[in-house]
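Student: Below are the sequence and a predicted model; questions follow.
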Amino acid sequence: MSTSTETSGSDRPLDFIRQIVDQDQKSGKHSVPVTRFPPEPNGFLHIGHAKSICLNFGISNEYRGRCHLRFDDTNPSKEEVEYVESIKADVQWLGFDWQDHLYFASDYFDKLYDYAEQLIHRGKAYVCDLSADEIRNYRGTLTEPGKDSPYRGRSVEENLELFRKMRDGAYAEGSRVLRAKIDMSSPAIVMRDPVLYRIVYASHHRTGDKWCIYPMYDFTHCLSDMLEEITHSLCTLEFQDNRLLYDWVLDTLETPCHPRQIEFARLNLTYTVMSKRKLLQLVDEYHVDGWDDPRMLTISGLRRRGFTPNSIRKFCDLIGIGKKQSWIDMGVLENAVRDDLNETAPRVMGVLEPLKVVIDNYPEDMDEEITAQNHPQKPEMGTRILPFSRELYIERNDFMEEPPRKFFRLGPGREVRLRYGYYITCVSYEKDADGNVTLLHCTYDPETKGGTSTDGRKVKGTIHWVSAKDAVDGKVYLYDRLFDVEHPDGDKDVDFKTHLNPESRKILEGCKLEPSLAEIEAGVQVQFERQGYYCLDAVLSTPGKPVFNRVVTLRDSWAKIK
RNA sequence: UGGGGCGUAGCCAAGUGGCUAAGGCACCGGGUUUUGAUCCCGGCAUUCGUAGGUUCGAGUCCUACCGCCCCAGCCA
């Protein structure tokens, strides 16, 4: 499967992780890199995960190594199978292939258990009867060392017996844990006799009720990496301290290989929140319509919104990999889809807020067929037929009663070009009692068919249109950023939800679309000329009643002039 | 006040002691254009958190200071 983007494979400098991978290959430390993407199946993947997926799978593709998909499922109280399926689908949709390397940390529970006993045998782990509160109190603080647990001195035999009884269900949840015996006065808190196993009476989505003790992340992750012979274990910055324990476990167990953990900065985007907890809150409190709401930056939301896998890969490529916590402008993501869709999306015409136009001098019984290009810069994308008739719809904001100088569109007495059609001039207009313009009377110049005049006359403006009697009616959802401030969760004292953008979704009904749009498939992106990129919504559309999602607007320099 | 990290333009980000500090986004000009889109051209850091020091030479090495992030779950 090809997963390269147009922007990769260039002579761009390697990021610091690829430099390491590169050196390790050149030095012969590893013949090929083996990476892994290790999600916990407790929620949906989002754009932040995409960065990690593109990094891990990207490296394995570039260096002909492997990338494993491994579910880090060590906490049965939080994890569910439905998440496993959605995560697999999302990774595949992004264009990556784990081949036959699909793993679950839970597949290693037996081995992990044996390693735990081995640690006990080596005098490096003990069963502790302290309660969770007591353990916390014994741990000390950032500036004060912890105290040894009174159970720290138990014999190997006693620890072994206790640990086996823990496994066999002899004790209540929370009553005992297995702890590593390291150093309660370590300046690194993660090394103060961390918990390795806890008792949890919960059914696991894969192992069912086989176990009532479950290994903790720090014990599981390094050993899983080792068992899979991962060469480079890439994770985010907050695990930097944990690397001490990662290395301790592998070193004291004398394992056959020792993967290198390397940390990089997670993705932060402006105008959104990224934590699973906050995303869940948006869903639970109905601020959005679910995990795949097109405004959500989940992979499923982006997919439904109309983002392409390529645009997301491009984006990840664009932002780079570093160790500095940073905020990427939402505009960079938006720009990545624009760039991608500009290349691939066929152009069509759709009138979002229709204003009716009657061409007074166009014969009532006349119909014409106009040929339009599907992509002006790519003739290979072909052409299509547009019906033309006396009554049309144009965009309401393409007409102004008192247009300023720099407004190139329609106004009383002004002439514009209908894209691929004729030049028309507005001769008069009608208004209702409230002062709303309801109808434009125009005349057309029969000599300008196709959009060019023979006399060399220039018109500045070109507007889109749809033949009234041929138009397809549709709904259009205009999506915008979910939050209206750069850092919605920037202030701990202010609820991030107060910054929800009330205009993040506008629903337009009675939009007039060109006939070709009646047969478009869900998930296929088109450009509504002069407006933006749109995509048929797979969930809300019904036969004959299309619903389009706006993926992103076109750049609009007129908006700046205004 | 302990430990682990990080500071290069408005936002990302190259730079691994030696020619004039890459590139992208954003922004500002100009050109092309039957999408106010795309595309093209040009502009955009005398300076790398600050202050000292080493050196013929420092964004790169040393020292001190300042600022920001992470760590005290039987979460990952």
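Tutor: Perfect, thanks for sending it.

Student: burial of the residue of chain A at minimum distance from RNA strand B, as a residue count?
Tutor: Residue of chain A nearest RNA strand B, by Cβ to the nearest atom of the strand: A:Gly451 (2.1 Å). The way it works is simple: take the backbone N, C-alpha and C, and place the C-beta from them, glycine included. For A:Gly451, the neighbour count with other Cβ atoms under 10 Å is 16.

Student: Just give the number of residues close to the residue nearest to it when sequence neighbours are not counted.
Tutor: Distances taken as Cβ to Cβ, 6 or more residues apart in numbering place A:Arg417 nearest to A:Gly451, at 5.1 Å, with adjacent residues excluded. By the criterion of other Cβ under 10 Å, A:Arg417 has 21 neighbours.

Student: Can you check the pLDDT for A:Arg417?
Tutor: Here, the pLDDT recorded for A:Arg417 equals 97.

Student: Please report the distance of A:Asn310 from A:Gln373.
Tutor: 23 Å (Cβ to Cβ, to the nearest Å).

Student: So those two - more neighbours on which side?
Tutor: A count of neighbours by other Cβ under 10 Å puts A:Asn310 above the other of A:Asn310 and A:Gln373, at 21 against 15.

Student: Summarise which helices and strands the strand or helix carrying the residue nearest to A:Gly451 is packed against.
Tutor: Using DSSP states H and E, A:Arg417 sits within strand A:415-418. The contact analysis (3 or more Cβ pairs under 8 Å, 6 or more residues apart in numbering; DSSP states H and E) places strand A:415-418 against strand A:423-431, strand A:462-463.

Student: RNA strand B contacts on the stretch 301-450 of chain A?
Tutor: Residues of the stretch 301-450 of chain A lying close to RNA strand B by Cβ under 7 Å from any atom of the strand are A:318-329, A:331-332, A:335, A:338-339, A:342, A:347, A:375-377, A:406-409, A:417, A:419-420, A:450.

Student: what's the burial count for the closest residue to A:Gly523 other than its chain neighbours?
Tutor: Counting by Cβ to Cβ, 6+ apart, A:Ala538 is the residue found nearest to A:Gly523 once chain neighbours are left out, at 5.8 Å. Using other Cβ under 10 Å, A:Ala538 is surrounded by 14 other residues.

Student: before we move on, what about A:Ala116?
Tutor: When neighbours are counted by other Cβ under 10 Å, A:Ala116 registers 22.

Student: Is it within a helix or a strand, and which one?
Tutor: In the assignment (DSSP H and E), A:Ala116 maps to helix A:109-121.

Student: what's the helix or strand following that helix in contact with?
Tutor: The helix or strand immediately downstream of helix A:109-121 is strand A:125-128, counting by DSSP H and E. For strand A:125-128, the surrounding residues in contact (Cβ atoms under 8 Å, 6 or more residues apart in numbering) are A:116, A:119-120, A:135, A:149, A:151-154, A:158-159, A:162-163, A:166, A:176-181, A:193, A:196.

Student: Quick check: what element follows strand A:125-128 along the chain?
Tutor: Using DSSP H and E, the first helix or strand after strand A:125-128 is helix A:132-138.

Student: quick one: buried residues of that next one?
Tutor: For helix A:132-138, burial by neighbour count (16 or more other Cβ atoms under 10 Å) applies to A:Ile135, A:Tyr138.

Student: for the record, mean pLDDT for the helix or strand following it?
Tutor: Counting by DSSP H and E, the next helix or strand C-terminal to helix A:132-138 is helix A:156-167. In this model, helix A:156-167 has a mean pLDDT of 98.

Student: cool, stretch A:366-383 as well?
Tutor: The average pLDDT within stretch A:366-383 is 96.

Student: and what of stretch A:540-547?
Tutor: 93.

Student: what's the answer for stretch A:235-251, then?
Tutor: 97.

Student: who touches it?
Tutor: Contacts for stretch A:235-251 (Cβ under 8 Å, 6+ apart): A:52, A:180, A:182, A:188-191, A:194, A:217-219, A:221-223, A:226, A:233, A:258-259, A:261-266, A:323, A:325.

Student: ok, 7 Å please
Tutor: Stretch A:235-251 is contacted by residues A:182, A:188, A:190-191, A:194, A:218-219, A:221-223, A:226, A:258, A:261, A:263-266, A:323, A:325 when judged by Cβ atoms under 7 Å, 6 or more residues apart in numbering.

Student: Then stretch A:480-498?
Tutor: A:270-273, A:278, A:287, A:295, A:330, A:499-501, A:503-504.

Student: What of stretch A:550-559?
Tutor: A:305-307, A:334, A:337-338, A:341, A:476-479, A:525, A:530-535.

Student: For A:Val539, which non-adjacent residue is closest in space?
Tutor: That would be A:Arg304: by Cβ to Cβ, 6+ apart, it lies 6.9 Å from A:Val539.

Student: same check, this time on A:Val81
Tutor: Nearest one to A:Val81, counting by Cβ to Cβ, 6+ apart, is A:His205 at 4.8 Å.

Student: and the gap between the one you found and A:Leu280?
Tutor: A:His205 sits 18 Å away from A:Leu280, taking Cβ to Cβ as the criterion.

Student: More neighbours: which of these two?
Tutor: The neighbour comparison of A:His205 against A:Leu280 (other Cβ under 10 Å) goes to A:His205, with 18 against 14.

Student: got the contact list for the more buried one?
Tutor: Listed by Cβ under 7 Å, 6+ apart, the contact partners of A:His205 are A:Asp73, A:Pro76, A:Glu79, A:Glu80, A:Val81.

Student: try it again with 8 Å
Tutor: A:His205 neighbours (Cβ under 8 Å, 6+ apart): A:Pro41, A:Asp73, A:Pro76, A:Glu79, A:Glu80, A:Val81, A:Val84.

Student: Nearest spatial neighbour of the first one, chain-adjacent residues omitted?
Tutor: Just to be clear, that refers to A:Pro41. A:Tyr83 is the one closest to A:Pro41 (Cβ to Cβ, 6+ apart), at 3.9 Å.

Student: show me what contacts that neighbour?
Tutor: Taking Cβ under 8 Å, 6+ apart, we find A:Tyr83 in contact with A:Pro41, A:Asn42, A:Gly43, A:Phe44.

Student: What about the third one, how many residues nearby?
Tutor: The burial metric for A:Gly43, expressed as a neighbour count using other Cβ under 10 Å, is 22.

Student: Wait, it touches A:Leu279, no?
Tutor: Yes. Using Cβ atoms under 8 Å, A:Gly43 is in contact with A:Leu279, at 7.4 Å.

Student: Torsion angles phi and psi at A:Lys181?
Tutor: Main-chain torsions, A:Lys181, degrees, to the nearest 10: phi -100, psi 100.

Student: just to revisit the earlier point, return the subset of the residues of the stretch 301-450 of chain A next to RNA strand B lying in strands.
Tutor: Using DSSP state E, A:Arg347, A:Arg417 are the members of those that sit in strands.

Student: Among the residues of the stretch 301-450 of chain A next to RNA strand B, name the buried ones.
Tutor: Buried by 16+ other Cβ under 10 Å: A:319, A:321, A:328, A:335, A:338-339, A:347, A:375, A:407-409, A:417, A:419-420, out of those.

Student: Of all pairs in those residues, which one is the farthest apart?
Tutor: Using Cβ to Cβ, the two most remote members of those are A:Ile321 and A:Arg417, lying 47.3 Å apart.

Student: who's in contact with the most centrally placed residue in chain A?
Tutor: Nearest to the geometric centre of chain A sits A:Ile47, at 2.9 Å (Cα atoms, centre = their mean). Contacts for A:Ile47 (Cβ under 8 Å, 6+ apart) come out as A:Leu267, A:Leu269, A:Met274, A:Leu297, A:Thr298, A:Ile299, A:Leu302, A:Ile312, A:Phe315, A:Leu333.
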